[in-house]
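*Asks:* can you look at this prediction? I've put the sequence above it.
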Amino acid sequence: MSTLRHPVGPQPPEVYWRRRLIVGLGLLAVIVIIVLIIVRPGSGDPAAEPTPDPETTETTEPGGETDPTDPTDVVACIATQVVVTPVTDAASYPADQEPLLSFTLLNTGAAACSLEAGPDVQEFVIVSGSDRIWASTDCQDPGVPAPLVLEPGVEVESTPFAWSRTRSTPGDCDVADDRPSVIAGGATYRLSVTVGEFESADDRPFILN
């Protein structure tokens, strides 16, 4: 007869069965604790957790893009909002250097405006004292119209060109080599510019050595 199924001893069989049950439950509890220590709940692979997609969480600041100025909505510039400034590439020139002349336009208003600014409406004039020395319109080829939109506060500069340090008179369009050279040796000259109806308020002085 098996002692496992029929316990042998001075105590009644029920006592031995209770002891076996207690031992068995204790062993089961020990096994469960060991399993919980080895495999901890919630400690799975972090890579398995879903992560936010960087592209879907990105936001765009309002007003980050602005539409370009529509030329059809631009009004004509007025004299009080456009500043014309004569420009030379230096304040003093040695005898072998020709001054480079240009101008800038600045819209001092609060909104964009448009004006004609092509060579057909440009005039550069150089004087010395009260003596008119040279003007670009004396022998200027017909220019091409060039409408321009001036954004507020943005300065625009024309393309510089060289002045041959010679005199000019209206209608006398001989080549520059045949025109009389101006006096140098420290003489002061002044450049002014007109673009259509817009005139420079101040001139640009420079010295020829």
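*Replies:* Yep, it's here.
*Asks:* and P147, how far is that from G186?
*Replies:* Counting by CB to CB, to the nearest Å, the gap from P147 to G186 is 42 Å. From N, CA and C alone the C-beta is placed, and that goes for glycine too.
*Asks:* now L25
*Replies:* L25 sits 116 Å away from G186, going by CB to CB.
*Asks:* likewise for E155?
*Replies:* 31 Å.
*Asks:* higher neighbour count, the two?
*Replies:* Taking other CB atoms under 10 Å, E155 and G186 do not tie; E155 has more neighbours (12 against 9).
*Asks:* per-residue pLDDT of the more buried one, please?
*Replies:* Note for E155: predicted pLDDT of 97.
*Asks:* now G185, nearest residue through space, not along the chain?
*Replies:* N209 (6.7 Å; CB to CB, 6 or more residues apart in numbering).
*Asks:* residues touching the one you found, list them.
*Replies:* Going by CB atoms under 8 Å, 6 or more residues apart in numbering, N209 touches S92, Y93, P94, A95, A184, G185, G186.
*Asks:* distance to T159 added to these, as a markdown table?
*Replies:* Output for these, formatted as a markdown table (distance: CB to CB, whole Å):
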| residue | distance to T159 |
| --- | --- |
| S92 | 23 |
| Y93 | 19 |
| P94 | 23 |
| A95 | 25 |
| A184 | 26 |
| G185 | 30 |
| G186 | 29 |
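*Asks:* which of the residues you listed tops the neighbour count?
*Replies:* Most surrounded of the contacts of N209: other CB under 10 Å gives Y93, at 20 neighbours.
*Asks:* wait, that one touches Y189, no?
*Replies:* No - with contact defined as CB atoms under 8 Å, Y93 does not reach Y189; the gap is 9.7 Å.
*Asks:* can you list residues touching both of the two?
*Replies:* F206, I207, L208.
*Asks:* which among the residues you listed count as buried?
*Replies:* When the shared contacts of Y93 and Y189 are checked for burial by 16 or more other CB atoms under 10 Å, the buried set is F206, L208.
*Asks:* give me the distance between S158 and P180.
*Replies:* 27 Å.
*Asks:* between these two, which one's more packed in?
*Replies:* S158 (18 against 8).
*Asks:* that one: what's it in contact with?
*Replies:* S102, F103, T104, A117, Q122.
*Asks:* can you list which of those are found in strands?
*Replies:* S102, F103, T104, Q122 (DSSP state E).
*Asks:* not counting sequence-adjacent ones, nearest residue to the first one?
*Replies:* Yep, that's S102 we're talking about. Closest residue in space to S102, ignoring its immediate chain neighbours: P160 at 4.1 Å, by CB to CB, 6+ apart.
*Asks:* show me where the protein has helices.
*Replies:* 13-38, 54-57 (DSSP state H).
*Asks:* least reliable of the ones you listed going by mean pLDDT?
*Replies:* Taking the mean pLDDT of the helices of the chain, helix 54-57 comes last: a mean of 31.
*Asks:* go ahead and confirm R204 touches P86.
*Replies:* Yes - counting by CB under 8 Å, R204 does reach P86; the two are 3.9 Å apart.
*Asks:* could you name every residue contacting both of those two?
*Replies:* Joint contacts of R204 and P86 (CB under 8 Å, 6+ apart) are L191, S192.
*Asks:* for S102, list the residues it contacts.
*Replies:* V87, T88, D89, E157, S158, T159, P160, F161.
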